[in-house]
Each structure stands twice: as structure tokens, then as C-alpha cells.
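*Asks:* Let me see the structure of the following:
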Amino acid sequence: MKPVIEVNHLSCTYHDGTRALCEVSFQVAEGECVGLLGPNGSGKSTLLLHLNGLLPEQPTSDGAVRIHGQPVTDTNLLEVRRQVGLLFQDPDDQLFCATVAEDVAFGPVQLGLRGAALEERIDHCLARVGLTGFGHRATHHLSHGEKRRACLAGVLACEPSVLVLDEPTSDLDPRGRREFKALLREIPATKLIATHDLEMVVELCSRVIILDQGRVVAQGPTADLLGDEPLMLAHGLERPHILQHRHPHVLRPGPTA
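*Replies:* Sure thing, here's the model as predicted:
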């Protein structure tokens, strides 16, 4: 199956000289839900920002990121952003309109949707995330969990084929986590989820990629990698309680060309 997300030897160095990513390579197939794991500072958020062009590729990358076969370049940026919906870690970084309906409408309006079709899209997406009737609510009066749902509604309103999520369950209470995981499970889009919520990864993701110090250190089936306690501990992670007595079969990246 042709990959939806292709990342080939992607490197990124910030202006202060910090090496955020180094020769990162992986693929995600259509319909897959893949977990992106690693300790704080491993490069997860930096990687996600490259997937819809919020962080531009560096001149030496030579089309290192492709979505549906298209390189993430200035000429393709609009189409790439139609395909890749990004959910930020902090919902306050994503909500900027006065009301929930205005925020959900923002993306579709940029894509040319107007009138009754726009209203129908807003209502449909709010219903999908469990916020029916919230359109008139002020975004700054929402609870943290409601803000996350509103952000997801705004992403879904653009009808992306790929969802890229940065710590989608952080700061949610147990009920909020359960409800948000149920929402994600129902969305058929290809998903890449950067998270420390390993229980969610076991429940939703068939495969995981582990980053550390900007490099892919392992990738493979979820139960195998997360059940490998020495591997997890070596990279600032822990084996989740839901997994016990697993025998790891880990795909580790070979030497780069």
C-alpha cells in the first residue's frame, strides 16, 4: 500500500544551533494509527510541525517530507494543509476566535465554504466531537476538555485525510481521556499521535515510532516495543501496566545511507 506520510532522512537544526532532528525516516500507510513516542525534548513536536509545513524544510532536505506523494514545499503548501490536520498540544494556541462556531468555521471559510453548507459543516463537526449546541459559547469559557474537542472540531471541519496530534490527552481527567480516545477511535483518517499516554497508544495504535535526541531509535508493533522494558527505560519511557510478560520483536533502524 502506498504510504500517506513519507519522511526520508529529515534533519532540522534551530537557529541557535540545536539539532532537533537527525536523519529521521519512516512511513505511515493509509488508515494506520501510529504512536510517536519519546522523552521530552526528543523532537516529537518539531517533527509534527514539518508535516504540514509550519516548520519549513531546510535547503538540504530535498523533499524529505511527502504527503500523498507530494513534497511539502511552498508550491504545494495549500493542498498539503488541506490534507493534514494538526492538533496542537495546548488548545489555547489553536483557539483564537471569539466563539466556538467562528473557530470551527475558520478553516472551511478559507477553503471557500459559505452559507448553508458552512453552517451544516459546523453543526456536523460539533456533533462529532460531542459539542452539539456549543456554537455560541465563548472559547475562553470552555473547560480544558471542551477546548480540545473544539480544536478537533475545527480540524475535522477541513476534512483532512491525515490527523497529526500532539499530546491530545494531556491535562485531561480520566473521563476526559476516555471520551477523547473514543472520539479518535471513531475517526477513519490516517493518524500520527505524539503522546506520553502509553495506555492510549496500546488501545489505538497498531505501530509505534520511538524518537530520542532527534533520532528514530526503534519502530515496530506497539505491544512488542512497549513490552520491551529495557528499551523503554533506555529512552526515558516506561512499560505501560496494560502490557505484561511480552517478548519483544523490535525493528530497529539500520545505518543510514
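*Asks:* can we go C-alpha only for contacts and neighbour counts from here?
*Replies:* Noted.
*Asks:* Doesn't His9 lie inside a helix?
*Replies:* No: membership of His9 in a helix is not supported by DSSP: H, G, I helix; E, B strand; the rest coil, which gives strand.
*Asks:* which residues does Ser161 contact?
*Replies:* 83-85, 189-190 (CA atoms under 8 Å, 6 or more residues apart in numbering).
*Asks:* Can you flag which of those belong to helices?
*Replies:* Taking DSSP state H, the ones among these that sit in helices are Gln83.
*Asks:* Now which of the contacts of Ser161 would you call buried?
*Replies:* Neighbour counting by 16 or more other CA atoms under 10 Å classes 83-85, 189-190 among those as buried.
*Asks:* Let me have those residues in a markdown table, extended by distance to Leu233 and pLDDT.
*Replies:* As requested, those are exported to a markdown table (distance: CA to CA, whole Å; pLDDT from 0 to 100):
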| residue | distance to Leu233 | pLDDT |
| --- | --- | --- |
| Gln83 | 35 | 95 |
| Val84 | 32 | 97 |
| Gly85 | 32 | 96 |
| Ala189 | 31 | 96 |
| Thr190 | 29 | 97 |
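*Asks:* between the residues you listed, which is closest to Val28?
*Replies:* Thr190 (7.9 Å; CA to CA).
*Asks:* Now do the nearest residue to that closest one once chain neighbours are set aside against Gln83, distance only.
*Replies:* If you skip the residues right next to it in sequence, Thr190 has Gly31 as its closest partner in space, 4.3 Å away by CA to CA, 6 or more residues apart in numbering. When distance is defined by CA to CA, to the nearest Å, Gly31 is 13 Å away from Gln83.
*Asks:* what's the answer for Asp103, then?
*Replies:* As defined by CA to CA, Asp103 lies at a distance of 19 Å from Gln83.
*Asks:* go on, Ala194?
*Replies:* From Ala194 across to Gln83, the span is 18 Å (CA to CA).
*Asks:* next one: Thr169
*Replies:* Taking CA to CA as the criterion, Thr169 is separated from Gln83 by 23 Å.
*Asks:* Kindly report the same for His50.
*Replies:* Taken as CA to CA, the spacing of His50 relative to Gln83 amounts to 13 Å.
*Asks:* hang on, the earlier thing: for the buried ones among the contacts of Ser161, which one is nearest Arg149?
*Replies:* Closest to Arg149, out of all of these and judged by CA to CA, is Gly85, at 13.8 Å.
*Asks:* Identify the residues contacting the closest residue to that closest one other than its chain neighbours.
*Replies:* Closest residue to Gly85 apart from its sequence neighbours, by CA to CA, 6+ apart: Leu163 at 4.9 Å. Leu163 sits next to 84-87, 189-192 when contact means CA under 8 Å, 6+ apart.
*Asks:* Then Ser42?
*Replies:* The neighbours of Ser42, taking CA under 8 Å, 6+ apart as the test, are 20, 211-215.
*Asks:* Which two of the residues you listed have the greatest separation?
*Replies:* Pairwise distances among the contacts of Ser42 were taken by CA to CA; the largest, 10.7 Å, belongs to Ala20 and Leu211.
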